[in-house]
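Enquirer: My questions are about this predicted structure, shown below with the sequence.
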Amino acid sequence: MSFHSMWAELLPIGRSSASGGYRRFAWTGADADCRAWFREQAQARGLSYEVDRNGNQWAWLGDPAAGDAVVTGSHLDSVPEGGAFDGPLGVVSSFAALDELRARGTTLDKPLAVVNFGDEEGARFGLACVGSRLTAGALTREAAHRLTDADGITLPRAMEAAGLDPDAIGADPERLDRIGAFVELHVEQGRALDLSGDAVGIASAIWPHGRWRFDFRGEANHAGTTRLVDRRDPMLSYADTVLAARREAELAGAVATFGKIAVEPNGVNAIPSLVRGWLDSRAADQATLDTVVGGIEKAAREYAERHGVDLDVVRESFTPVVEFDHALRDELARILGKDTVRADAGPAVPVLGTGAGHDAGILSGRVPTAMLFVRNPTGVSHSPAEHAAEDDCLAGVTALADVLEGLARR
Ligand code: GLV
Ligand code: MN
Ligand code: MN
């Protein structure tokens, strides 16, 4: 099946007809439909299909037990109102690259696998990369069992409803020991490739990033009868904190975003008793990130005190800086740059860092890992406007096929 047909099959799953945005949250019906699609792709190609104990899907060409496998893939879940490319581009390109290798008649000396990691975006349970974190031992079973969605459904109950055994989840070192190299292809979530005029690039590093929950607790009261001076309104402290986050990030050359909020009792004519805001912050290095988040928290505490509001700050997740394996990165550059000479004498294939998190970043602590990026002309991501031109997607497939071929031959 061609890239185009695979893409067309996946496109309607979990898409809102009103907005064009996707809601493919982990262990929901839309996710199950994406996962069924993955299984069909594996079976149609005669690949051996398995779901590991953390719910990640694998499609194997060759014997996994042989070791030193070359693995490629990404994820199929989405953020709320996400785009079509973040995740699925990597999975579809992986199957298409495998088809290209078969069409080339390439003999592979190592086993090859395509993987779909579960719950990458963390849209439902708040923690990103749950499937790869569990597998890599970066998230314990006990901590995973405590994750809860907005409706109070716990992760283990959601996994159980999807047919998995939540008591079996956890570190899977034997599986990772089989992998010699992992390569994730991903739509670029910025405009570096558009600006350099390249269809494909190689990742250098992922910024350290994390999510912090700010709980501002005040006092619910009548919006019409409570004098302003008598109020303990947590919305005021929250609003001031949002502005402080912007200021701190600007000062440090970092990014900080409050993109999710929960309000209680959430009534138009009631002063809130609770405003819960989630901060996502990222910076090029750890010290800068610490300064930014520390500055935001300090400001938030001052505002809370001023408004008679209590504040709790909880770090819900954190991923340290990821520097992708240099030897593998150089190998990719060699494979992809082999017959390219650029007029400006720059590197044949651009090497770029990113502020976005990926399963590849989690795996990089355990196996040699690399990433390929495909040009995104507007840079927009985590939005229905996310896009890559089909020609660039096909260039990505060819690049991935070249890389897999280069890595899977001795
Ligand atoms: C995932 O896409 C993230 O960077 O949050
Ligand atoms: Mn994403
Ligand atoms: Mn992604």
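Expert: Sure thing, it's come through. Predicted model only: the values in this text are computed from it and were never measured. Numbering: from 1, shown residues only. Ligands and ions are numbered 1, 2, ... in the order given.
Enquirer: give me every residue that touches the closest residue to Asn56 other than its chain neighbours.
Expert: In space, and not counting its chain neighbours, Asn56 is closest to Gly131: 4.6 Å by Cβ to Cβ, 6 or more residues apart in numbering. To be clear about C-beta, it is placed using only N, CA and C from the backbone, and glycine gets the same treatment. Taking Cβ atoms under 8 Å, 6 or more residues apart in numbering, we find Gly131 in contact with 54-56, 75, 117-120, 359.
Enquirer: after the helix or strand hosting Ala96, next one along is what?
Expert: Take DSSP states H and E as the rule and Ala96 turns out to sit in helix 88-104. Following helix 88-104 in sequence order, the next helix or strand is strand 112-117 (DSSP H and E).
Enquirer: and stretch 318-331, how far apart are its ends?
Expert: Start and end residues of stretch 318-331 are separated by 29 Å (Cα to Cα, to the nearest Å).
Enquirer: got the buried residues for it?
Expert: Buried residues in stretch 318-331, defined by neighbour count with 16 or more other Cβ atoms under 10 Å: 319, 321-322, 324-325, 328-329, 331.
Enquirer: which one among those gets closest to ligand 1?
Expert: Thr319 (8.9 Å; Cβ to the nearest ligand atom).
Enquirer: Quick check: the closest one vs Cys129, distance?
Expert: 8 Å (Cβ to Cβ, to the nearest Å).
Enquirer: shared neighbours, these two?
Expert: 357, 361-362.
Enquirer: Most neighbours of all those residues, which one?
Expert: The most crowded member of these, judged by other Cβ atoms under 10 Å, is Gly361 (28 neighbours).
Enquirer: who's in contact with that one?
Expert: 129, 206, 319, 322, 369.
Enquirer: mind listing what Pro265 touches?
Expert: Contacts of Pro265 (Cβ under 8 Å, 6+ apart): 220, 272-273.
Enquirer: Out of those residues, flag the one nearest to Arg15.
Expert: Pro272 (33.2 Å; Cβ to Cβ).
Enquirer: tally of neighbours for that closest one?
Expert: Neighbours around Pro272, by other Cβ under 10 Å: 26.
Enquirer: So what's the gap between the longest helix seen in the chain and the chain middle?
Expert: Taking DSSP state H as the assignment, the helix of the chain that covers the most residues is helix 286-306. Its chain's C-alpha centre and that of helix 286-306 lie 26 Å apart, by Cα atoms, centre = their mean, to the nearest Å.
Enquirer: Out of the shared contacts of Thr319 and Cys129, which sit inside helices?
Expert: Using DSSP H, the subset of those located in helices is 361-362.
Enquirer: Now distance to ligand 1 too, for the shared contacts of Thr319 and Cys129, in JSON lines please.
Expert: Listed next are the shared contacts of Thr319 and Cys129 as JSON lines, based on distance: Cβ to the nearest ligand atom, whole Å:
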{"residue": "Gly357", "distance to ligand 1": "4"}
{"residue": "Gly361", "distance to ligand 1": "9"}
{"residue": "Ile362", "distance to ligand 1": "11"}
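Enquirer: Next SSE downstream of the host helix or strand of Leu328?
Expert: Using DSSP H and E, Leu328 sits within helix 326-336. Sequence order places strand 351-354 as the next helix or strand after helix 326-336, per DSSP H and E.
Enquirer: and that following strand, what other elements does it pack with?
Expert: strand 200-206 (3 or more Cβ pairs under 8 Å, 6 or more residues apart in numbering; DSSP states H and E).
Enquirer: Now do the helix or strand following the strand it packs on: which elements does it pack against?
Expert: Using DSSP H and E, the helix or strand that follows strand 200-206 in sequence is strand 209-217. Applying 3+ Cβ pairs under 8 Å, 6+ apart, we find strand 209-217 packed against helix 234-252, strand 274-282, helix 286-306, strand 310-319.
Enquirer: Adjacent strands (with direction) for strand 209-217?
Expert: According to DSSP bridges, strand 209-217 has the following sheet partners: strand 274-282 (antiparallel), strand 310-319 (antiparallel).
Enquirer: could you check the angle helix 234-252 makes with the first one?
Expert: For the pair strand 274-282 and helix 234-252, the angle between their directions (axes from the mean of the first three to the mean of the last three Cα atoms, to 10 degrees) equals 10 degrees.
Enquirer: tell me the pLDDT at Arg342?
Expert: With respect to pLDDT, Arg342 scores 49.
Enquirer: no no, Met1
Expert: With respect to pLDDT, Met1 has a value of 88.
Enquirer: before we move on, the earlier item: let's have the contacts of Gly131 in a markdown table, adding distance to Ser94.
Expert: Output for the contacts of Gly131, formatted as a markdown table (distance: Cβ to Cβ, whole Å):
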| residue | distance to Ser94 |
| --- | --- |
| Asn54 | 19 |
| Gly55 | 18 |
| Asn56 | 13 |
| His75 | 11 |
| Phe117 | 12 |
| Gly118 | 16 |
| Asp119 | 19 |
| Glu120 | 15 |
| Asp359 | 13 |
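Enquirer: any chance of those residues in CSV, plus secondary structure, pLDDT and neighbour count?
Expert: Below are the contacts of Gly131 laid out as CSV (DSSP: H, G, I helix; E, B strand; the rest coil; pLDDT from 0 to 100; neighbours: other Cβ atoms under 10 Å):
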residue, secondary structure, pLDDT, neighbour count
Asn54, coil, 98, 27
Gly55, coil, 98, 26
Asn56, coil, 98, 23
His75, strand, 98, 29
Phe117, strand, 98, 32
Gly118, coil, 98, 28
Asp119, coil, 98, 31
Glu120, coil, 98, 26
Asp359, helix, 98, 32
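Enquirer: of the residues you listed, closest to ligand 1?
Expert: Glu120 (6.9 Å).
Enquirer: so who does the closest residue to the closest one other than its chain neighbours touch?
Expert: Once flanking residues are discounted, Glu120 sits nearest to His75: 3.5 Å by Cβ to Cβ, 6+ apart. For His75, the contacting residues are 87, 90-91, 116-121, 131, 359, by Cβ under 8 Å, 6+ apart.
Enquirer: Just list whatever residues bridge to His75.
Expert: Phe117.
Enquirer: cool, Val374 as well?
Expert: Val187, Val200.
Enquirer: How many residues are close by it?
Expert: 27.
Enquirer: Am I right that it is in contact with Glu390?
Expert: No: using Cβ atoms under 8 Å, Val374 is not in contact with Glu390; the gap is 10.7 Å.
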